[in-house]
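S.K.: One predicted model, sequence on top.
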Amino acid sequence: MSSTPSTVADVMTHGVVAVGRDADFREVTDTLQRWQVSAVPVLTGDGRVVGVVSEADLLTARARARDGASADALTAGRMMSVPAVTVHPGSPLNEAARAMARGHLKRLPVVDEEDYLVGIVSRSDLLKVYLDDDRGLTDRVRFELVATLGPTAVVDTGVRSENGRITLSGDLPDAVSAPVLERLVRSVPGVVGVELRLATPV
């Protein structure tokens, strides 16, 4: 189980395309098209992430500009979304997945404790883990339940994984409430969602 990716550092890409705050509209657009990405981090001169500029940001800036010439004069620093949504290398994969889901984002800059850019993690990076490992994820969730609640507590609880979403069925274990059980399952690396289909034993 130790070889299973569990943190952002395990799946992130170290080489990152980024732009400076002074990059103009055309430079940012060319960068996105050249590298086939939908957004890029915006960096200070020393490499700290201060924002992200996306295709949506470019379209918004273009629409607000009165003409093409004024749009071309816009810089990444003026167009970017702030603050940037970022994660740390040691962040669990499910934390990165939830941040992407909340912000409807396709990728997140990975920064160190001082906000220096160290990598990028994308939806596809996470999905490779989840889609290739449903059986392994089921085993990890079952292991965690047994280790925490004991083997007899979960004997009547079924565990199924599909694309990183865990469904628990059968009887709710006596030793734990439904909200606590859900939090326990969500804490397992690789889990992106939990559905409880559990009956309370009579």
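M.R.: Yes, it's here.

S.K.: just the strands in the chain please.
M.R.: 19-20, 39-43, 49-54, 107-111, 117-122, 157-162, 165-171, 193-199 (DSSP state E).

S.K.: Now tabulate the ones you listed in JSON lines and tack on distance to residue 89, mean neighbour count and mean pLDDT.
M.R.: Yep, even glycine has a C-beta here, placed from its N, CA and C like the rest. Output for the strands of the chain, formatted as JSON lines (distance: least, C-beta to C-beta, whole Å; neighbours: other C-beta atoms under 10 Å; pLDDT from 0 to 100):
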{"stretch": "strand 19-20", "distance to residue 89": "22", "mean neighbour count": "17", "mean pLDDT": "97"}
{"stretch": "strand 39-43", "distance to residue 89": "15", "mean neighbour count": "25", "mean pLDDT": "96"}
{"stretch": "strand 49-54", "distance to residue 89": "13", "mean neighbour count": "22", "mean pLDDT": "96"}
{"stretch": "strand 107-111", "distance to residue 89": "6", "mean neighbour count": "24", "mean pLDDT": "95"}
{"stretch": "strand 117-122", "distance to residue 89": "6", "mean neighbour count": "21", "mean pLDDT": "94"}
{"stretch": "strand 157-162", "distance to residue 89": "25", "mean neighbour count": "17", "mean pLDDT": "90"}
{"stretch": "strand 165-171", "distance to residue 89": "25", "mean neighbour count": "18", "mean pLDDT": "91"}
{"stretch": "strand 193-199", "distance to residue 89": "24", "mean neighbour count": "14", "mean pLDDT": "90"}
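
S.K.: So for residue 98, which of the ones you listed sits nearest?
M.R.: For the strands of the chain, the distance to residue 98 is smallest for strand 193-199, at 9.3 Å, taking C-beta to C-beta.

S.K.: With residue 177 as the reference, name the closest of the strands of the chain.
M.R.: Of all those, it is strand 193-199 that lies closest to residue 177, at 10.6 Å by C-beta to C-beta.

S.K.: Direction included, what does that closest one pair up with?
M.R.: In the sheet containing strand 193-199, the strands it pairs with under DSSP bridges are strand 165-171 (parallel).

S.K.: re the thing from before, can you convert the strands of the chain into TSV and add a column each for distance to residue 6?
M.R.: Output for the strands of the chain, formatted as TSV (distance: least, C-beta to C-beta, whole Å):
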stretch	distance to residue 6
strand 19-20	31
strand 39-43	24
strand 49-54	24
strand 107-111	15
strand 117-122	13
strand 157-162	15
strand 165-171	16
strand 193-199	17
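
S.K.: so which of the ones you listed gets nearest residue 178?
M.R.: strand 193-199 (5.7 Å).

S.K.: Can you tell me how far residue 143 is from residue 29?
M.R.: Taking C-beta to C-beta, to the nearest Å as the criterion, residue 143 is separated from residue 29 by 48 Å.
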